[in-house]
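Q: sharing a model that was predicted from the sequence below.
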Amino acid sequence: MGQIAENLMKAREIALSDPHVPEQLKHYLQKALDVALGLDPYLDKMATREKTASLEAKVKPDKECTSGYLKGQVLRMFVHMVGAKSILFIGSLKGYSILAMAEALPNDGKITACSINPYLGVKSQEVSDYSSHDKKISVKGGPLADTLEELVAAGKRFDMVFIDADQRNAVNNYNFVMDNHLLRMDGVICVENTLMKGQVYLETILDENVLAVRKLNNVINSDPRVEQVILPVEGGVSVIRRSPTSTDGVIESQKAVVKDDVFWGYNGCRILDRLRLDGRVAYVTGGGQGIGRAFAHALGEAGAKVAIVDLVLAKAEVVAEELRLKGIESIAMAADVSEPEDVQRMLDTVVTRWGAVHIACNNAGINMNSASEDTSLEEWDKTFNVNLRGLFLCCQAAGRIMLKQGYGKIINTASMASLIVPHPQKQLAYNTSKAGVVKLTQTLGTEWIDRGIRVNCISPGIVDTPLIHSEDLKPLVQRWLTDIPAGKLAQVTDLQAAVVYLASEASDYMTGHNLAIEGGQSLW
Ligand code: NAD
């Protein structure tokens with residue numbers, strides 16, 4: 001756009017100084033110039049300002065070493081969209097776009113940068129002052145070919161590969177990445193500077209660098225393994241992915257290759273996509289804290305709408321708000337799961353709001369401790385009311401809706417106490433109620449499977465939640481640790497994948513199962 005504006009300005013100058021040029025032509029020249037001049041500042045202004053903006057100001061003095069803010073923001077978006085954790089960067093480290101990408105990476109993400117240029121053109125201390133994310137960048141100096149060979153030898157795969165088109169051997173680098181599988185299956189290659197300020201498509205260009213970039217674009221465009229699109233962002237950014245159909249051509253000759261559901265993915269879905277819960281409606285009881293809160297986040301992150309149900313409305317509201325902040329549709333509800341009217345109201349509310357219940361996460365539970373000879377009827381009833389009667393009421397009410405739908409996933413929270421007798425704490429009522437949860441799960445799991453409902457339970461070991469922070473239980477932590485092969489208590493995040501798996505289509509053949517996640521404790 002800069003080039004267009006420059007040429008338009010010259011044309012306008014000539015037009016203004018020539019009395020024979022019609023006014024209308026001057027008018028249209030001015031209009032075209034306004035559009036050309038206005039675009040870049042507008043795009044820049046409308047791109048959200050991030051921390052890197054301050055870094056941009058810092059490195060700006062060295063114009064040669066600066067790439068634009070907008071491109072940095074675009075690359076950040078790409079990193080986010082791909083869900084990238086590992087990035088390979090081949091080229092000279094200019095500007096702050098590499099830092100913008102580093103910021104978009106998760107904490108354990110990493111950029112491997114192959115460059116002989118000094119980092120960013122500024123001292124690393126200066127970079128650290130402006131962004132702590134530079135720790136995610138590891139710069140590999142030395143001959144590029146050797147570095148790339150080393151990465152292949154180490155079996156590295158990258159989610160994204162960045163190649164600067166404006167460098168010697170860009171074609172070789174692209175081919176090396178593709179031929180040696182440095183890009184993971186669904187990864188993306190971005191090639192920067194593929195438009196060379198618009199020169200790449202001009203017929204009359206003789207500049208060697210521009211011709212080399214043109215060749216690179218053509219090589220990629222005619223490579224049957226990939227699809228590409230070039231975006232006119234600053235110097236031009238090509239976005240390249242493996243062509244989904246390319247495997248046909250590549251493996252047709254290999255007779256032994258079986259192209260069935262295992263090859264293409266069940267229903268054409270790859271395994272991680274099969275865990276997605278988009279469009280599903282879930283509720284989680286006891287969702288206001290601890291394990292239930294973690295389950296609610298996990299189900300929401302996987303795509304489900306989630307109703308947070310808890311005895312204490314305020315707790316449920318906080319968690320529902322957390323989910324909404326992450327863009328997950330969520331509502332909060334108060335209900336005592338041991339009360340049939342509350343349970344019915346809970347399900348009615350969910351169905352009225354979202355039209356269905358696909359995932360019932362019956363997790364609310366309480367734990368009380370006493371020696372068996374002293375266990376009061378009150379303690380027994382209280383424990384059973386929440387842990388077993390409540391769970392039965394929820395399963396039955398959700399099950400009735402799911403039977404009508406012909407589909408449903410019920411996930412109950414049992415406990416390792418259903419398998420072993422945890423000690424030294426004494427908890428007869430709790431252990432017995434949780435064994436009941438498993439038997440209830442097995443019974444429903446077999447009774448309803450032929451009508452589309454799967455019922456499973458998760459049995460956590462000792463999880464670090466408020467449930468075990470009571471005055472009675474706190475002193476026992478050290479004692480428990482000696483009983484756990486894993487050598488540590490479970491965190492609620494250790495349980496999240498299991499609930500997503502059991503809620504997803506990927507576990508459809510599983511029913512009546514008690515999935516223990518206890519760091520091996522039930523085996524000792
Ligand atoms: P927690 O005490 O941290 O949270 C339980 C939540 O359930 C609370 O928000 C509470 O308000 C709510 N609740 C209690 N009674 C309710 C009722 N009648 N109706 C609706 N909501 C109610 O507990 P947690 O550790 O997150 O445990 C969740 C589940 O996991 C329980 O079933 C528990 O037995 C089981 N579990 C916990 C552990 C552990 O070590 N924490 C281990 C195995 C199993």
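A: Sure, I can see it.

Q: mind listing what the residue nearest the centre of the chain touches?
A: The centroid of the chain falls nearest to G83 when counting by C-alpha atoms, centre = their mean (5.4 Å). Shown in contact with G83 (C-beta atoms under 8 Å, 6 or more residues apart in numbering): D159. To be clear about C-beta, it is placed using only N, CA and C from the backbone, and glycine gets the same treatment.

Q: near the ligand, which residues of the protein are found?
A: Residues of the chain found near the ligand (C-beta under 6 Å from any ligand atom) are 285-286, 288-292, 310-312, 315, 335-338, 363-367, 386, 390, 413, 415, 460, 462-463, 465-468.

Q: now, those that are in strands?
A: 285, 310, 413, 460 (DSSP state E).

Q: what's the first-to-last distance across stretch 277-284?
A: Start-to-end span of stretch 277-284 (C-alpha to C-alpha, to the nearest Å) is 15 Å.

Q: run the chain-centre distance for it.
A: Mean-position distance between stretch 277-284 and its chain equals 17 Å (C-alpha atoms, centre = their mean, to the nearest Å).

Q: what of stretch 358-370?
A: Taking C-alpha atoms, centre = their mean, one finds the center of stretch 358-370 at 28 Å from the center of the full chain.

Q: so which strand or helix has C457?
A: Take DSSP states H and E as the rule and C457 turns out to sit in strand 453-460.

Q: who touches the following helix or strand past that strand?
A: Per DSSP H and E, the first helix or strand lying C-terminal to strand 453-460 is helix 477-481. Contacts with helix 477-481, where a contact means C-beta under 8 Å, 6+ apart, come from 422, 424, 462, 468, 487-489.

Q: counting neighbours, which bits of helix 477-481 end up buried?
A: By 16 or more other C-beta atoms under 10 Å, the buried positions in helix 477-481 come out as W480.

Q: please export the C-alpha coordinates of it as PDB.
A: Provided in PDB are the C-alpha atoms of helix 477-481 (Å, rounded to 0.1, in the frame of the first residue of the first chain):
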ATOM      1  CA  VAL A 477      -1.200 -35.600  54.900                       C
ATOM      2  CA  GLN A 478       2.300 -36.700  55.600                       C
ATOM      3  CA  ARG A 479       1.000 -40.100  56.600                       C
ATOM      4  CA  TRP A 480      -1.000 -40.500  53.400                       C
ATOM      5  CA  LEU A 481       2.000 -39.500  51.300                       C
END
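
Q: any idea how far it is from the chain center?
A: On C-alpha atoms, centre = their mean, the centre of helix 477-481 falls 34 Å from that of its chain.

Q: so for it, mean pLDDT?
A: On average, the pLDDT along helix 477-481 is 91.

Q: on that earlier part again, distance of the residue nearest to the centre of the chain relative to E208?
A: Using C-beta to C-beta, to the nearest Å, G83 is found at 38 Å from E208.

Q: on that earlier part again, just the pLDDT for the residue nearest to the centre of the chain.
A: We have a pLDDT of 92 for G83.

Q: same check, this time on L211
A: 93.

Q: for Y266, see how far away A506 is.
A: Distance of A506 to Y266, given as C-beta to C-beta: 8 Å.

Q: who has more neighbours, these two?
A: Between A506 and Y266, counted using other C-beta atoms under 10 Å, A506 has the larger neighbour count: 18 against 15.

Q: which SS class is that one?
A: Secondary structure, DSSP: H, G, I helix; E, B strand; the rest coil: A506 is helix.

Q: wait, it touches L272, no?
A: No: applying C-beta atoms under 8 Å as the test, A506 and L272 come out as separate, 9.4 Å apart.

Q: which stretches of the stretch 51-200 of the chain form strands?
A: 86-90, 110-114, 137-140, 158-164, 183-192 (DSSP state E, counting those that start in this stretch).

Q: got these as a markdown table, with mean pLDDT, distance to V171 and mean neighbour count columns?
A: Written out in a markdown table, the entries for these read as follows (pLDDT from 0 to 100; distance: least, C-beta to C-beta, whole Å; neighbours: other C-beta atoms under 10 Å):
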| stretch | mean pLDDT | distance to V171 | mean neighbour count |
| --- | --- | --- | --- |
| strand 86-90 | 94 | 12 | 25 |
| strand 110-114 | 93 | 16 | 22 |
| strand 137-140 | 88 | 21 | 18 |
| strand 158-164 | 94 | 10 | 24 |
| strand 183-192 | 93 | 10 | 20 |
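
Q: wait, is V306 part of a strand?
A: Yes: remark: V306 belongs to a strand, assigned using three-state DSSP.

Q: what's the helix ranked longest in the chain packed up against?
A: As assigned by DSSP state H, the longest helix anywhere in the chain is helix 23-46. Helices and strands touching helix 23-46, by 3 or more C-beta pairs under 8 Å, 6 or more residues apart in numbering; DSSP states H and E, are helix 2-17, helix 69-82.

Q: how far out from the middle of the chain is the longest one?
A: In other words, helix 2-17. 48 Å.

Q: stretch 306-321 too?
A: That offset, for stretch 306-321, works out to 24 Å (C-alpha atoms, centre = their mean).

Q: could you give me the average pLDDT of it?
A: Here stretch 306-321 scores 98 as its mean pLDDT.

Q: residue contacts, the closest residue to L43 other than its chain neighbours?
A: Leaving aside its chain neighbours, L43 sits nearest to L70 (5.5 Å; criterion: C-beta to C-beta, 6 or more residues apart in numbering). L70 sits next to 40, 43-44, 47, 233-234 when contact means C-beta under 8 Å, 6+ apart.

Q: which segments of this protein make up each domain?
A: 2-46, 59-242, 275-523 (automatic domain parsing).

Q: which one of these has the lowest average pLDDT?
A: With a mean of 85, domain 59-242 has the lowest mean pLDDT of these.

Q: about what we covered before: the strand holding C457 pairs with which strands?
A: With DSSP bridges as the test, strand 453-460 is paired with strand 408-413 (parallel), strand 514-517 (parallel).

Q: format the ones you listed as a markdown table; extra columns: mean neighbour count.
A: Shown next, in a markdown table, are the strands paired with strand 453-460 (neighbours: other C-beta atoms under 10 Å):
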| stretch | mean neighbour count |
| --- | --- |
| strand 408-413 | 26 |
| strand 514-517 | 20 |
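
Q: for T493, find the nearest of these.
A: Nearest to T493 among these is strand 514-517; the distance by C-beta to C-beta comes to 11.2 Å.

Q: what subset of the residues of the chain next to the ligand is buried?
A: With burial judged by 16+ other C-beta under 10 Å, the buried subset of these is 285-286, 288-292, 310-311, 315, 335-338, 363-367, 386, 390, 413, 415, 460, 462-463, 465, 467-468.

Q: in the stretch 351-500 of the chain, which residue sits nearest the ligand?
A: Here the residue of the stretch 351-500 of the chain nearest the ligand is G365; by C-beta to the nearest ligand atom that distance is 2.1 Å.

Q: identify the residues contacting the spatially closest residue to D166 that is not a sequence neighbour.
A: Nearest residue to D166, sequence neighbours excluded (C-beta to C-beta, 6+ apart): N193, at 4.2 Å. If you count contacts by C-beta under 8 Å, 6+ apart, N193 has them with 164-166, 213, 235-236.
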